[in-house]
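Asker: Mind folding the following:
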Amino acid sequence: MQKDWIYYLAKGLQGLGLIVVLVGVVISIQLGIGEEEGLESMKAESYGLAIGGVLFFAGWLLERSLAKRG
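Answerer: This next block holds a predicted model:
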């Protein structure tokens with residue numbers, strides 16, 4: 001039973017990480033094309049990739065720890 005909620009937490013973190021990366025890329029595209037804000041575009045994309053990557057990696061680590069336990 002304990003494994004179930006940790007598994008769903010791990011998958012939730014992975015999904016949230018992917019969504020954050022996608023939102024960062026979309027904001028970057030909007031800033032880069034629509035408003036000609038090149039530096040702000042790169043900043044939004046970098047933050048999205050960094051935060052989303054950390055969330056995804058944390059979920060991945062949780063999932064791997066469950067696989068090792070059984």
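Asker: Could I get the buried residue list for stretch 13-29?
Answerer: For stretch 13-29, a neighbour-count test (16 or more other Cβ atoms under 10 Å) marks 13-14, 16-17, 20-21, 24, 27-28 as buried. No exception for glycine: its C-beta is placed from N, CA and C like everyone else's.
Asker: Contacts for that stretch next, please.
Answerer: Here stretch 13-29 makes contact (Cβ atoms under 8 Å, 6 or more residues apart in numbering) with 41-42, 44-49, 51-60, 62-63.
Asker: what ranges do the helices span in this protein?
Answerer: In the chain, the helices defined using DSSP state H lie at 2-29, 38-69.
Asker: what distance separates the shortest one from the centre of its chain?
Answerer: Okay, so that is helix 2-29. Relative to its parent chain, helix 2-29 has a centroid offset of 5 Å by Cα atoms, centre = their mean, to the nearest Å.
Asker: Quick one: mean pLDDT for it?
Answerer: For helix 2-29, the mean pLDDT works out to 92.
Asker: what angle sits between that helix and helix 38-69?
Answerer: In terms of direction (axes from the mean of the first three to the mean of the last three Cα atoms, to 10 degrees), helix 2-29 departs from helix 38-69 by 170 degrees.
Asker: And for G59, nearest residue in space, chain neighbours not counted?
Answerer: Among residues not flanking G59 along the chain, L13 sits closest, at 3.1 Å (Cβ to Cβ, 6 or more residues apart in numbering).
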